[in-house]
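J.: sequence-free structure coming up:
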């Protein structure tokens, strides 16, 4: 499965928060995540914000970044450029949905990216992004029928099962040794 994951989903996957259990469960299917320059920049900024807000130490953020880069090199993430069509899609989505859903430009960019890159699924916990993606007939995961909770909201999750699933997925992607 080719999937687009917004930054909040990735932070939940690599860190420990209220959504980490759901994020971990979803990577068991070993999707290949499309990664745009927007996604990588926002992920990097989110790591730095965790340090700024004292949720992680500099060392913890560096460890997460290193692991992310290892997964990127192993094929868990597939780089994809965004062309001008994504901006056309952002404008169309804004005109049709922003006044009803309260979407931000970043919400629009994530959904427009998933649409223009023709992904199989859109992974997000963000309510506005999920509503917008559903309005565009994207398959939105996870299905939030129940609440997931992890007790430690801002701790690092370097050894949690989600990373084992990603690592074991490397062989499934044909890039492991």
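T.: That came through fine. Values in this document were obtained by computation on a predicted structure and should not be read as measured data.

J.: which residues in this protein form helices?
T.: Ranges of helices in the chain, per DSSP state H, are 7-14, 20-26, 37-52, 58-74, 84-93, 99-101, 105-116, 127-135, 161-172.

J.: beta partners of residue 4?
T.: residue 34, residue 122 (DSSP bridges).

J.: how about the helices of the chain in TSV, adding mean pLDDT and distance to residue 142?
T.: The C-beta positions use only the backbone N, C-alpha and C, and glycine is treated the same way. Formatted as TSV, the helices of the chain follow (pLDDT from 0 to 100; distance: least, C-beta to C-beta, whole Å):
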stretch	mean pLDDT	distance to residue 142
helix 7-14	94	9
helix 20-26	90	5
helix 37-52	95	18
helix 58-74	94	20
helix 84-93	97	22
helix 99-101	97	20
helix 105-116	97	15
helix 127-135	97	10
helix 161-172	45	13
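
J.: Out of these, which gets nearest to residue 141?
T.: helix 20-26 (5.8 Å; C-beta to C-beta).

J.: still on that earlier bit, need the helices of the chain in TSV (columns: mean neighbour count).
T.: Listed next are those as TSV, based on neighbours: other C-beta atoms under 10 Å:
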stretch	mean neighbour count
helix 7-14	24
helix 20-26	22
helix 37-52	16
helix 58-74	15
helix 84-93	15
helix 99-101	12
helix 105-116	23
helix 127-135	20
helix 161-172	17
